[in-house]
Each structure stands twice: as structure tokens, then as C-alpha cells.
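Q: fold the following.
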Amino acid sequence: MSDNSRSIPDEVALRSAAPVSIFDAQGQRVEFGSLLKEPVIVVFIRHFFCGSCQQYVTQLSSVRPEALSKANRRLIIVGCGSYEAIAAYKDITSCPFAIYADPKRELYHALGMTYETLALTPADEKRRSYLQKGFLGNILSSIWSGPLKNMSLIGKQGKVSQLGGEFVFDSDVTCTFAHRMKHTEDHTEISELMQAAGVEHP
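A: Now for the predicted structure:
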């Protein structure tokens, strides 16, 4: 498998991604291209029950709104499940940013996030700093905050093998940074992501 984890989406990919409809927390369709009219950081999580991604999004709260404003950046999050899971996800993670849903994963695929796996951090790779819980603790927390606490959302969390990634877009729909996860604990360190976006952190 070739490593395209850092390759910038080309013009064809961006043209394919722009008209894709995703859903806001109220279930309203939003064309992805409409979110790129101003500079934006887009974080793609895995599924809405993923405990590792929940830890990542919780850590994203360390990004100060005034730092984003100073850099003229927005930050949004996209998950691959149903929009019905967004409200509970915001509650679990205390996420202050807008969250959208891409249940058919069209946007994921358009931007090259096609590789699927359930693999954890390889033995020869350092675990990311956002992973504050051990393996068992993460599993138990994921089960409690996900299916046990929100039984009505079972089956609406999204495909569990889907991987996410992070992208930085300028206002002219130019992508200046791209990272696609290679395993389930592979989100970009927030400090690196903010540096790529020109946002002061912490």
C-alpha cells in the first residue's frame, strides 16, 4: 500500500469534495464547499463512539477561540455517522466547535480517506499525546459514553473501521496541509496542526 497520508488533495479531488452534502446537528444539508469560503481547519474523526477520537476532540478544546480569530481560521469536525449522534458527542467531549456528519462517507472518500483498519498504534511508534487513557480504560470509557449511555444511537455511530484525518484550507479552496490516519490512534498532534494553520497554541 502506497503512503498517501500526507499528500495534498489535487484540484480534481477538491472539485469532487466541494459539492458533497454533509449534515449539521439539526439534520440540515450543508454543501462542503460552502464551508470553505473562509480559511478553515477540518478534523475528520472516525466514528462517534470512538473513545480515542473523543480524547482528541476533548484536547482540541485547548485551542483558544481568540487564537483562531487572530489567525482568521474556523475549526470544524466531521464524523462518519448519523447527524443524530452529534448532540451526544458534543456533550461527551464538551466540544465548542461545529460538528457535521457524513454518513455515506462521500467526503471522506473524496479527500482520500479510503483506507480502513482497526489497528492500534504500532509497537515501534510513539503513542500520540492526546491518548491519556490506557487500552482497557479507553474501551470501557467508549462503551459507557457511547452505546450504554446512548442506546438509541447504536448503529448510528458510523463505520467503526473508517479512519479520519486533518486538513487545512485557505479561503480560495486551496488545501495547504493534509494528514490521513494510518491506524485508529493516528490523529495529528494538535500543536503540529495549529502550527500548520498559523494558529497560536496553546
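
Q: wait, what's in contact with the most centrally placed residue in the chain?
A: The residue lying closest to the centre of the chain (C-alpha atoms, centre = their mean) is Phe44, at 2.1 Å. For Phe44, the contacting residues are Ile77, Val78, Gly79, Cys80, Leu107, Tyr108, Leu111, Met113, Gly164, Gly165, Glu166, Phe167, by C-beta atoms under 8 Å, 6 or more residues apart in numbering. (Each C-beta comes from the backbone N, C-alpha and C, glycine too.)

Q: where does pLDDT dip in this structure?
A: Residues of the chain meeting the criterion pLDDT under 70: 1-2, 133-151.

Q: could you show me where the helices are in it, in order?
A: Along the chain, counting by DSSP state H, helices occupy 11-17, 51-60, 65-70, 86-93, 106-110, 135-143, 190-197.

Q: just the strands in the protein please.
A: Remark: strands assigned in the chain by DSSP state E are 21-23, 29-31, 40-44, 74-79, 98-101, 165-169, 175-180.

Q: quick one: contacts of stretch 63-78?
A: 22, 35, 38-45, 57, 60, 95-102, 107-108, 164, 190, 194, 197-202.

Q: hmm, try it at 6 Å
A: Under the contact criterion C-beta atoms under 6 Å, 6 or more residues apart in numbering, stretch 63-78 has outside partners 39-44, 97-100, 102, 197-200.

Q: who wins on neighbours among those?
A: Phe44 (27 neighbours; other C-beta atoms under 10 Å).

Q: re the thing from before, from the contacts of Phe44, which is closest to Glu31?
A: Glu31 has its nearest neighbour among the contacts of Phe44 in Leu107, at 10.5 Å by C-beta to C-beta.

Q: dump the residue contacts of that closest one.
A: Residues in contact with Leu107 (C-beta under 6 Å, 6+ apart) are Ala17, Val20, Phe32.

Q: in JSON lines, list those along with neighbour count and distance to Asp91.
A: Putting the contacts of Leu107 into JSON lines (neighbours: other C-beta atoms under 10 Å; distance: C-beta to C-beta, whole Å) gives the following:
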{"residue": "Ala17", "neighbour count": "23", "distance to Asp91": "29"}
{"residue": "Val20", "neighbour count": "19", "distance to Asp91": "27"}
{"residue": "Phe32", "neighbour count": "22", "distance to Asp91": "25"}
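
Q: count the neighbours of the closest residue to Tyr100 other than its chain neighbours for me.
A: The shortest distance from Tyr100 to any non-neighbouring residue, by C-beta to C-beta, 6 or more residues apart in numbering, is to Ile22 (4.4 Å). By the criterion of other C-beta under 10 Å, Ile22 has 21 neighbours.
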